[in-house]
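Visitor: heads up, no residue letters with this:
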């Protein structure tokens, strides 16, 4: 036992922090997309696992073909939007239940991603210039430039989503997610609203996939496996921890969106902590699932418990 | 003279070809003039709410036509019909978006029938307009524009739904037992409010109700439905002299006749 604790070096945790923040900020972009479908549209969208890998595949393939890494991200986002559109159309025009429609898209994307990359894994050349994100930047001397850039990207995305959901179309999407009957009675084409929301969401996920592939230096056909769980973890952690802080403010929505990124960073810190405790890395998906379970259960149990207490 | 609403021979059968088959509408005919306020009564399963849903386009009808202000809307999807309709539902939760603020809900209603684009979802001018409108309700809601609708009581939500329904001066206002889920006092308030709004905007309206007194006290026309048909249609003059007892008698006649018919069929 003593030997176990002695082998744990707190400095390892501290050293891992910048990496956690970077990963959290990048995955936060995906979590932002998950927030839009899961919370605002009330649509359990599992397309995410596929569109994340799709974004990576598109970005890496285009970079290998000579495209500038920053430009490749636009195509990664567009590819994600296309994937979201397909899920949306499967659901709205063919009447397939949402969760199933998204699974169908996700599973087809596996093949699509293999086709795009030609094999299961493709990497970017070591000397690749102009990367938006890279593991190398985290420990570089001028790492603050990288973190600043990442932060600006994330804030810009929060601002864009905040603006989008304040517009007439955005309001229509919010109404659709909240009360479809009301939305239709007020003349909103709820099918169109759903498709647009799924496109925006998966566009963000594709963008995240592209940035993450650059960060890792490679794209993998399996990189999206379980992504939805990480996205949910970030969303739910942020809600449990920051709901009270965000509520009631005039710009509560902007706070909530930003909190998703903090949730993602906290998730990666917890993730590193568990690895640091020498948990085998094979168990990490299990760990992710447990984190989501706990944070999903907290609000429910809290409510349940307080009801009981009031009665007695 | 042109009619504001013209329903011809409306038929709708649910679960066709199954053991649960139910002929909900069996040839409904109805004509409303501009400014008519008709109350609709009838027993359970008479087709009152179904008729309103058919007009609103919740599902396509099997047969018949619906013309509102000279425009045939029979084939239009629900969200397209919304431009000429205002609706209030039985469940106060149905008419508003609970997680959105009062002003957001009203802004959505203010864009009913318009193209929604990328301009901001609510303008400052609208806010003033909503405040004014809410003030007329006398419920103090004008000070709570940014409150979530989910925090309000059923009566408050119904009042807001009414405002939203009337905001764009609909050709036709559909009230589907909109006071049935409220306590008597709130129900009376919401009913009085409905009367006021209909009068002020000169709306053509249909109100389904289970309460025969309400049906007699409100509106200028009354129809009774039974088994998917209009079995009694009282015009303004006739309605003035109607009493609850008369309606009950009519109601019994209708179901009694039906019973006789059944017996006749059995003995044949």
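Guide: Sure thing, it's come through. Everything numeric in this text was worked out from a predicted model, so none of it was measured. Numbers count the residues shown, from 1 in each chain, chains lettered A, B, ... in the order given.
Visitor: Let's verify residue B:38: helix, strand, or coil?
Guide: strand (DSSP: H, G, I helix; E, B strand; the rest coil).
Visitor: So what pairs up with it in the strands?
Guide: residue B:206, residue B:221 (DSSP bridges).
Visitor: Let me know whether it touches residue B:222 as I believe.
Guide: Yes: using CB atoms under 8 Å, residue B:38 is in contact with residue B:222, at 6.8 Å. Any C-beta I mention is one placed from the backbone N, CA and C, and that applies to glycine too.
Visitor: Comparing those two, which residue is more hemmed in?
Guide: The neighbour comparison of residue B:38 against residue B:222 (other CB atoms under 10 Å in any protein chain shown) goes to residue B:222, with 25 against 22.
Visitor: How about the more buried one, nearest residue that isn't a chain neighbour?
Guide: Spatially, and ignoring its direct neighbours in sequence, residue B:222 is nearest to residue B:234 (4.5 Å; CB to CB, 6 or more residues apart in numbering or on different chains).
Visitor: From residue B:225, how far out is the one you found?
Guide: 13 Å (CB to CB, to the nearest Å).
Visitor: Give me the more crowded residue out of the two.
Guide: Neighbour count, other CB under 10 Å: between residue B:234 and residue B:225, residue B:225 has more, with 26 against 22.
Visitor: who's that one bridged to?
Guide: Going by DSSP bridges, residue B:225 forms beta bridges with residue B:42, residue B:230.
Visitor: separation between it and residue B:46?
Guide: Per CB to CB, residue B:225 is found 4 Å from residue B:46.
Visitor: so the residue nearest to residue B:222 makes contact with residue B:242?
Guide: Yes: the criterion here is CB under 8 Å, and residue B:234 meets it with residue B:242 at 6.1 Å.
Visitor: who does whichever strand or helix holds residue A:63 touch, helix- and strand-wise?
Guide: Residue A:63 belongs to helix A:47-64 when elements are defined using DSSP states H and E. In terms of contacts (3 or more CB pairs under 8 Å, 6 or more residues apart in numbering or on different chains; DSSP states H and E), helix A:47-64 is packed against helix A:10-35, helix A:69-92, helix A:98-117, strand A:121-123, helix A:190-216, strand A:218-220, helix A:227-246.
Visitor: count of neighbours near residue A:149?
Guide: When neighbours are counted by other CB under 10 Å, residue A:149 comes out with 13.
Visitor: contacting residues around it?
Guide: Residue A:149 makes contact with residue A:132, according to CB atoms under 8 Å, 6 or more residues apart in numbering or on different chains.
Visitor: in which helix or strand would I find it?
Guide: Using DSSP H and E, residue A:149 maps to helix A:143-164.
Visitor: So for the helix or strand following that helix, mean pLDDT?
Guide: For helix A:143-164, the following helix or strand on the C-terminal side (DSSP H and E) is helix A:168-178. Helix A:168-178 shows an average pLDDT of 97 in the prediction.
Visitor: intersection of neighbour lists for residue B:234 and residue B:242?
Guide: residue B:222.
Visitor: Residue B:186 and residue B:154 touch, don't they?
Guide: Yes: taking CB under 8 Å as the definition, residue B:186 is a contact partner of residue B:154 at 7.1 Å.
Visitor: Show me what from chain A comes close to chain B.
Guide: A:166-172, A:174-175, A:178-179, A:181-190, A:250 (CB under 8 Å from any CB of the partner chain).
Visitor: Just the buried ones among the residues you listed, please.
Guide: Neighbour-count burial (16 or more other CB atoms under 10 Å in any protein chain shown) is assigned, among the residues of chain A next to chain B, to A:166-172, A:174-175, A:178-179, A:181-190.
Visitor: Could you single out the most deeply buried of the helices and strands packed on helix A:47-64?
Guide: helix A:190-216 (a mean of 28; mean count of other CB atoms under 10 Å in any protein chain shown).
Visitor: That one - contacts with which helices or strands?
Guide: helix A:10-35, helix A:47-64, helix A:69-92, helix A:143-164, helix A:168-178, helix A:180-185.
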